[in-house]
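> I'd like to go over a predicted model; first the sequence, then the structure.
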Amino acid sequence: MAESTTRNDGAIRAGHGRYAFDLAKLHTIDAGPGYSTAHGPVIEGERIQIGLMRMPKGTGSRPHSHPNEQWIYVMQGTLEAEVEGVKSRVASGSLIYIPANAVHAAQATPDGDVIFLTAKDMSHGIVGTPVDASISAPAYAPGFEPKK
């Protein structure tokens, strides 16, 4: 299927003969342009979308929300996450649940990049809406801001 039939620009549509995917070889997309550094390939099914996301160390997302619920399984590294005001340090092998419309944010700790598998229902795309739309930048830990 053509990429234009996907909810997310640059995502891959599953089905119709496409059932297995080598995520390491697929085109990556920005999962939160203007509010997050997360990027990776996204595969869309009929009801679920899956992304294998990378978040460079010391960077992450500002508070945002989206109308679809989300699961995040941390495969590598550690995330400092906040969901509806509840802060958690989420290490590799842990799972985060984000209810629909919940304000949340996450940042890779300064010790290493984070790789996570995320799943969202298809009621909305992979990209959310930042709480403060007047800022167009991801979150950065001190010393990890982009060089000017």
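That came through, no problem.

> For the helix or strand residue 79 falls within, enumerate the helices and strands it packs against.
Using DSSP states H and E, residue 79 falls within strand 78-83. Strand 78-83 sits against strand 86-91, strand 95-98, strand 104-108, strand 114-121, with contacts defined as 3 or more Cβ pairs under 8 Å, 6 or more residues apart in numbering; DSSP states H and E. C-beta coordinates here come from the backbone N, C-alpha and C atoms, glycine included.

> May I have the strands that pair with it, each with its orientation?
strand 86-91 (antiparallel), strand 104-108 (antiparallel) (DSSP bridges).

> okay if I get those as CSV plus mean neighbour count, mean pLDDT and distance to residue 127?
Converted to CSV, the strands paired with strand 78-83 look like this (neighbours: other Cβ atoms under 10 Å; pLDDT from 0 to 100; distance: least, Cβ to Cβ, whole Å):
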stretch, mean neighbour count, mean pLDDT, distance to residue 127
strand 86-91, 12, 98, 21
strand 104-108, 24, 98, 14
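
> so can I have a markdown table of these showing distance to residue 30?
Output for those, formatted as a markdown table (distance: least, Cβ to Cβ, whole Å):
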| stretch | distance to residue 30 |
| --- | --- |
| strand 86-91 | 22 |
| strand 104-108 | 15 |
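
> closest one to residue 54 among these?
Comparing these against residue 54 with Cβ to Cβ, the closest turns out to be strand 104-108 (9.0 Å).
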